[in-house]
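Visitor: Build the 3D model from these lines:
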Amino acid sequence: MREMDEAVALLEAYQTRLDRAYDEGPARYDAVFADPPDGVGVHEIGLDRVLRRINGTEAALLGYKSEDLVGRPVNDFIVMSEASRRAIEKKLTGEIALKPFARTFQRADGTAVTMALVDRLLKDRSGKVVGIRTAMTPITA
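Guide: Numbering: from 1, shown residues only. Sure, this is the predicted structure:
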């Protein structure tokens, strides 16, 4: 497990790689999405807060298979789900700025894991927000 500052630096660097890969095209983006740094999960949610895409590392960190997560609300896996729901809504509407934070997730076996998270807004070609991409890694509590 990492300390928060180390985790945030790693996640910010990975998000920047993902941003660059997105600009290079879908194939490059898919490759970078599927090949994160060790211990880094990443997922995308739509405006409905449902998981649209998740990498294998995040699924493993939470004790699931990717196909068990895609299509489910992200809040299903967060310990303080109501607080998370409100925060995501505010991020999607631009009411609050995106900044690194910690959140506790519930694994498939019921145990909790605290993660550092770094978000990026996902936008369509016209610049309209269509979701959030989140990179995460376990941290010491």
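Visitor: Could you check how far the top strand by length along the chain is from the centre of its chain?
Guide: Secondary structure assigned by DSSP state E gives strand 112-123 as the longest strand of the chain. In terms of Cα atoms, centre = their mean, to the nearest Å, the centre of strand 112-123 is set 4 Å apart from its chain centre.
Visitor: Please apply the same query to stretch 71-83.
Guide: 12 Å.
Visitor: Buried ones in that stretch, by neighbour count?
Guide: Under the neighbour-count criterion of 16 or more other Cβ atoms under 10 Å, stretch 71-83 has 74, 75, 77, 78 buried. Heads up, the C-betas are built off the backbone N, CA and C, glycines and all.
Visitor: Now do the helices in this structure.
Guide: 4-24, 26-34, 56-62, 66-69, 81-93 (DSSP state H).
Visitor: Could you point out which of those helices sits nearest residue 48?
Guide: helix 81-93 (9.9 Å; Cβ to Cβ).
Visitor: That closest one packs against which elements?
Guide: strand 112-123, strand 129-138 (3 or more Cβ pairs under 8 Å, 6 or more residues apart in numbering; DSSP states H and E).
Visitor: Okay, angle between the lowest-mean-pLDDT helix or strand in the chain and strand 129-138 too, please.
Guide: The least trusted helix or strand in the chain, going by mean pLDDT, DSSP states H and E, turns out to be helix 81-93, with a mean of 87. Going by axes from the mean of the first three to the mean of the last three Cα atoms, to 10 degrees, helix 81-93 is angled at 130 degrees with respect to strand 129-138.
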